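Peer 1: 3D model of this:
(one chain, ligands or ions: 1)
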Amino acid sequence: MTRIHAAITGVGGYVPDYILTNKELETMVDTNDEWITSRTGIKERRILKGEGLGTSYMGAKAVQQIIDKTKIDPAEIDLIICATVTPDMPFPATANLIAEQVGAVNAFSYDISAACSGFIYALTTGAKFIESGTHKKVIVVGGDKMSSIINYKDRTTCIIFGDGAGAVLLESTTEEIGIMDSIHRSDGSGAAYLHMKAGGSRIPASIESVTANQHFVFQEGSAVFKFAVTNMADISAKIMERNNLKGEDITWLVPHQANKRIIDATANRMGITEDRVMMNIEKYGNTTAGTIPLLLWDYEKQLKKGDNLILAAFGGGFTWGSVWVKWAYNTQ
Ligand code: UT7
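Peer 2: Predicted coordinates for the structure are as follows:
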């Protein structure tokens, strides 16, 4: 029987105009450009300004770009999945709001919460709807307005994160291209190292929780760093091994952009040279669920049909995973 694959047939992205540079951060916290650049690879990040604008605003811009580029009718979209940890509000889902903004009147839509691994979790989930034959056009969005949960007095986190969103369109194909394989894992014991304490059902928002800065990202950076290096490299090696892929078979590594040193270590372990590693951390920082689709957006013109991509991510939860994608189209 011919297997149906889910192919990525369009990419969109959006980053806000405001650029927060390392130089500006030097005026806000005790840090400096040299430390940030050498420890993370980040030079600047984007910040979404404007009252009442949340993640759905950026996600809808990314999806609208796909609609414009691929000329699909928004009414044909069957499903929108949005990966985010900074939803516009606890409910309804940000994906619902995006669907409404782009006119996806026949879609059902929901969010996935898996922090920095959110986009690849959502990509695998969306692909299953296509592979089963029940859905024809699925949009997967990854985006976060991290500036809404960052304490700009905490130098250990405020230098890393930025805002942005990207999206892909999945459609079915019987060619041997598209989402070929994926492996995902999670480990709730990692919550201790990376989380947001309040605003959920355990500690609802109160004057006390706000005063105690509990609505901001808490991260034990060096502990997360160690888990990220090991797990992202291990899972990427595993997906290559089980598909008989060698370093030289991989056209592009598409790694979550958390820290250039984590990316370098993963590429090294996989035998992938730097010229085949997608990187835009220097200009956007860590946009959480946004990093991987924003890489695809930035590198789209360089991608050729049949290219082997390994998408890899690690994030809060802990969550991590790897997806093997055979690219489905050439861009003129
Ligand atoms: O995306 C989701 C998952 N997240 C990650 O993957 C992030 C993983 N972690 C990291 O990327 C890194 O751990 C950080 C970039 C967060 C921190 O880098 P590090 O090399 O692990 O630094 P550290 O936390 O071990 O701190 C080293 C020193 C400390 O000073 P002392 O105690 O040695 O005197 C910090 O206080 O650097 C200091 N420091 C800073 N100095 C200047 C911490 N932040 C800053 C800063 N500017 N912004």
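Peer 1: Could you use CA atoms for every contact and neighbour count after this?
Peer 2: Fine.
Peer 1: List the buried residues of the helix or strand hosting residue 184.
Peer 2: For residue 184, the host element (DSSP states H and E) is strand 178-186. Burial within strand 178-186, assessed by neighbour count using 16 or more other C-alpha atoms under 10 Å, is assigned to 178-184, 186.
Peer 1: Direction included, what does it pair against?
Peer 2: Paired with strand 178-186 in the same sheet, following DSSP bridges, are strand 319-326 (antiparallel).
Peer 1: is the ligand contacted by the strand holding residue 184?
Peer 2: No. Against the ligand, strand 178-186 shows no contacts by C-alpha under 6 Å from any ligand atom, the least distance being 13.2 Å.
Peer 1: Report the backbone C-alpha coordinates of that strand in PDB.
Peer 2: The C-alpha trace of strand 178-186 is given here as PDB (Å, rounded to 0.1, in the frame of the first residue of the first chain):
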ATOM      1  CA  GLY A 178       7.800  15.100   3.900                       C
ATOM      2  CA  ILE A 179       7.900  14.200   7.600                       C
ATOM      3  CA  MET A 180       9.700  10.900   7.400                       C
ATOM      4  CA  ASP A 181      10.200  10.000  11.100                       C
ATOM      5  CA  SER A 182      10.100  11.500  14.500                       C
ATOM      6  CA  ILE A 183      11.100  10.700  18.100                       C
ATOM      7  CA  HIS A 184       9.800  12.700  21.100                       C
ATOM      8  CA  ARG A 185      10.400  12.500  24.800                       C
ATOM      9  CA  SER A 186       9.500  14.300  28.000                       C
END
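Peer 1: could you point out which element follows it?
Peer 2: Taking DSSP H and E, what comes next after strand 178-186 is strand 194-196.
Peer 1: Show the secondary-structure elements that that following strand is packed against.
Peer 2: strand 217-219 (3 or more C-alpha pairs under 8 Å, 6 or more residues apart in numbering; DSSP states H and E).
Peer 1: contact partners of the strand it packs on?
Peer 2: 149-151, 157, 193-197 (C-alpha atoms under 8 Å, 6 or more residues apart in numbering).
Peer 1: let's see it at 6 Å
Peer 2: Residues from elsewhere that reach strand 217-219 (C-alpha atoms under 6 Å, 6 or more residues apart in numbering): 149-150, 193-196.
Peer 1: State the pair within the buried residues of strand 178-186 that is farthest apart.
Peer 2: For those, the farthest-apart pair by C-alpha to C-alpha is 178 and 186; their separation is 24.2 Å.
Peer 1: Show the contacting residues for residue 101.
Peer 2: Counting by C-alpha under 6 Å, 6+ apart, residue 101 has no contacts.
Peer 1: For the nearest residue to residue 196 once chain neighbours are set aside, give its distance to the ligand.
Peer 2: Leaving aside its chain neighbours, residue 196 sits nearest to residue 217 (5.0 Å; criterion: C-alpha to C-alpha, 6 or more residues apart in numbering). Separation of residue 217 from the ligand (C-alpha to the nearest ligand atom, to the nearest Å): 11 Å.
Peer 1: Contact distance from the ligand - what residues of this structure qualify?
Peer 2: So the chain meets the ligand at 31-32, 35, 39-40, 116, 155-156, 159, 221-222, 224-225, 228, 258-259, 288, 315-316 (C-alpha under 6 Å from any ligand atom).
Peer 1: try it again with 5 Å
Peer 2: 31, 155-156, 221-222, 224-225, 258-259, 315 (C-alpha under 5 Å from any ligand atom).
Peer 1: So which of the residues you listed are in helices?
Peer 2: 155-156, 221-222, 224-225 (DSSP state H).
Peer 1: Specify the local secondary structure of residue 254.
Peer 2: Look at residue 254: counting by DSSP: H, G, I helix; E, B strand; the rest coil, its state is strand.
Peer 1: Pull out the buried residues from stretch 203-221.
Peer 2: Buried residues in stretch 203-221 (16+ other C-alpha under 10 Å): 213-219.
Peer 1: Apologies, that question was intended for stretch 7-23.
Peer 2: Within stretch 7-23, the residues that count as buried by 16+ other C-alpha under 10 Å are 7-16, 19-22.
Peer 1: Check stretch 101-113 too.
Peer 2: 101-104, 107, 109-113.
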